[in-house]
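Q: Give me coordinates for this.
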Amino acid sequence: MSKENKLKKNCENSIQRFVRNKNIFSNFDCFEDWYLEASSINEAEANREVEYLDAIKKYFDFQFKKNEFYISSSGLDQIIFFCVQNSAISNFINDVFNEVQLSNLGGKSVVIFPIHNFGFQFLGIKNFFNGSLTSLMYEDFQISTQTNSIEKTNKLINSFCLKQTGKRLKIEDLKHFYLSRNLKWLERNPLLLFSFNFSQLTPYENQAIILEKLAHITNQLYFVSVLRSDNSHLGGLFSTKRTNNWETLDLKHFLTINGFNQSMLCKPIHYKYDLLFNEMHLNIDLLSSTKKIVKWEKDSIKCLDQIFAGNKNYLLSGDRNFNIYHKISNSLKYFRRSVKAVNEEDKIININIAIEALLLDNEGDKVPKIFDRLNKSLKYYREKTEALEQVNKVIKERNNIVHNAQFNSKEINFIVIYRMYCKVVNFVTENALQIDSSKDNKKMLLFYATK
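A: Down below sits the predicted model:
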């Protein structure tokens, strides 16, 4: 029995139990009120009933996430409680779906995220005169330079909300949090705005998927950055991150705007969400000119969507056919760490991990296998010879750092390595169906089949 069918069967059994015994909930407004009283009488029995509620929620949670809807857990509780009291057993599942649709809990919501160490080359000169904003837009996200004005921030976020949700920003909510939480980053820092189908009734709901979406967007930004790189000293000198930039590192919150009621939530970032804080540091200086981007570079950026979707399916269903996407996602995590690192030792160690996680399985000697698979992945790549030379330097330097605690800079060209990495990620993704994910050692058959 598949995971989905098992979840549905458990859900149907739990629905029958709840609806047939709905009288026990008749004097309460929600499950929480019922549980407080029931647990005071017999806690073990109350906990058993909660397990049946969990079985119902797991099925709906699976269905919504499968279709890219991330519903508020507390909102789903309220809808299930309403349907327990008012729905027939045969109509229960359809009634829950209808209520979610009517309440718009699956509608598009917006995340407002502060970032630092990000800019556009050559365009900083506009900031001398507090000129127009510079933004990069890509489907469902937008990244903009610092506004240096809360009024301009209002206009920026309002425009994004109108495009993504069709609704205006409640400016009074933004000003309230700006003043009460001292959110100086709203005007001093570059802002990353993105939207997807999620809802929140409490501040910590769907935190994990927000972090996953954030990682996906930063993957796209890093790919754009390294594929359109231009190490121009002049461009960097007049970057927006160096000119008229008063960005703050006092980043303790980010904001979300619920699509179903346009309410704004201010979410604190605690120490346990250190990964969330790390994502704010980008270390990107994008080239602002219209540099030509070739087909394989476009394909490399586009394949990230396939990787994100495949990884989501793996985490949701546990289907090992999607395991390769989880493997690539783990590799991308270390790629991001390498690009954003400020010292070469961290760049070297993390790009080594990224390459090994992408290319290796659990068999054979590592280094020969890396170069064999790089050769096959880069068969028609014009920069292949230089890229392999740079990888060889990186591997030797990594061993020197890890085993001898020494670092001898050999003028490693990281842009060449990062561009090569993007090319290999695209190759592996395009050939994902040839990878036998049913094997425990995750043997990558495409490399054995490639001549």
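Q: Touching, Val428 and Ile355? I think so.
A: No - under the criterion of C-beta atoms under 8 Å, Val428 is not in contact with Ile355, lying 11.4 Å apart. Glycine gets a C-beta too; all of them are placed from N, C-alpha and C.
Q: What segments of the stretch 1-150 of the chain are helices?
A: Remark: helices assigned in the stretch 1-150 of the chain by DSSP state H, counting those that start in this stretch are 3-20, 31-41, 43-66, 73-86, 92-103, 150-165.
Q: any chance you could map the strands in the chain?
A: 108-114, 116-120, 135-138, 141-144, 191-197, 253-257, 264-268, 281-286 (DSSP state E).
Q: Just list what the last one packs against, helices and strands only.
A: Taking 3 or more C-beta pairs under 8 Å, 6 or more residues apart in numbering; DSSP states H and E as contact, the helices and strands that strand 281-286 lies on are strand 116-120, helix 207-227, helix 323-340.
Q: go again using 6 Å as the cut-off
A: The contact analysis (3 or more C-beta pairs under 6 Å, 6 or more residues apart in numbering; DSSP states H and E) places strand 281-286 against strand 116-120.
Q: Tell me the buried residues in the strand it packs on?
A: The neighbour-count check on strand 116-120 (16 or more other C-beta atoms under 10 Å) flags 116-120 as buried.
Q: Dump that strand to PDB, keeping only the CA atoms.
A: Output of strand 116-120 as PDB, limited to C-alpha atoms (Å, rounded to 0.1, in the frame of the first residue of the first chain):
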ATOM      1  CA  HIS A 116      22.900  42.200   3.700                       C
ATOM      2  CA  ASN A 117      26.100  42.200   1.600                       C
ATOM      3  CA  PHE A 118      24.200  42.400  -1.700                       C
ATOM      4  CA  GLY A 119      24.400  44.900  -4.500                       C
ATOM      5  CA  PHE A 120      24.500  45.700  -8.200                       C
END
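Q: That strand - what's its average pLDDT?
A: Averaged across strand 116-120, pLDDT comes to 86.
Q: Same question for stretch 333-343.
A: For stretch 333-343, mean pLDDT is 93.
Q: Any figure for the gap between the closest residue to Ile79 other than its chain neighbours and Thr145?
A: Spatially, and ignoring its direct neighbours in sequence, Ile79 is nearest to Glu99 (4.5 Å; C-beta to C-beta, 6 or more residues apart in numbering). Glu99 sits 42 Å away from Thr145, going by C-beta to C-beta, to the nearest Å.
Q: repeat for Thr218
A: Separation of Thr218 from Thr145 (C-beta to C-beta): 17 Å.
Q: Ok, Ala432 next?
A: Distance, Ala432 to Thr145, using C-beta to C-beta: 37 Å.
Q: Neighbour count: the two, which is higher?
A: Neighbours were counted for Ala432 and for Thr145 using other C-beta atoms under 10 Å; Thr145 has more, 27 against 21.
Q: my read: the more buried one touches Lys241, true?
A: No - at 8.0 Å, Thr145 does not count as touching Lys241 under the criterion of C-beta atoms under 6 Å.
Q: Same list, the strands of the chain, but as JSON lines with distance to Leu156 please.
A: Output for the strands of the chain, formatted as JSON lines (distance: least, C-beta to C-beta, whole Å):
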{"stretch": "strand 108-114", "distance to Leu156": "10"}
{"stretch": "strand 116-120", "distance to Leu156": "15"}
{"stretch": "strand 135-138", "distance to Leu156": "8"}
{"stretch": "strand 141-144", "distance to Leu156": "6"}
{"stretch": "strand 191-197", "distance to Leu156": "7"}
{"stretch": "strand 253-257", "distance to Leu156": "13"}
{"stretch": "strand 264-268", "distance to Leu156": "15"}
{"stretch": "strand 281-286", "distance to Leu156": "18"}
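Q: what's near enough to touch the nearest residue to Arg337 once chain neighbours are set aside?
A: The spatially closest residue to Arg337, leaving aside those adjacent along the chain, is Asn350, at 4.3 Å (C-beta to C-beta, 6+ apart). Neighbouring residues of Asn350 by C-beta atoms under 6 Å, 6 or more residues apart in numbering: 334, 337-338.
Q: Can you pull the domain assignment for this structure?
A: As given by automatic domain parsing, the domain ranges for the chain are 3-103, 108-292, 297-449.
Q: among the ones you listed, which gets the worst mean confidence?
A: domain 108-292 - the lowest mean pLDDT of the domains of the chain, at a mean of 82.
Q: so how far is that domain from its chain's centroid?
A: Centroid separation between domain 108-292 and its chain, computed with C-alpha atoms, centre = their mean, to the nearest Å, is 14 Å.
Q: Please compute how far stretch 371-387 lies from its chain's middle.
A: The chain centroid and the centroid of stretch 371-387 are separated by 29 Å under C-alpha atoms, centre = their mean.
Q: burial of Ile375, as a residue count?
A: Small correction: residue 375 is Asn, not Ile. 14.
Q: Over to Arg382?
A: Arg382: 10 surrounding residues under other C-beta under 10 Å.
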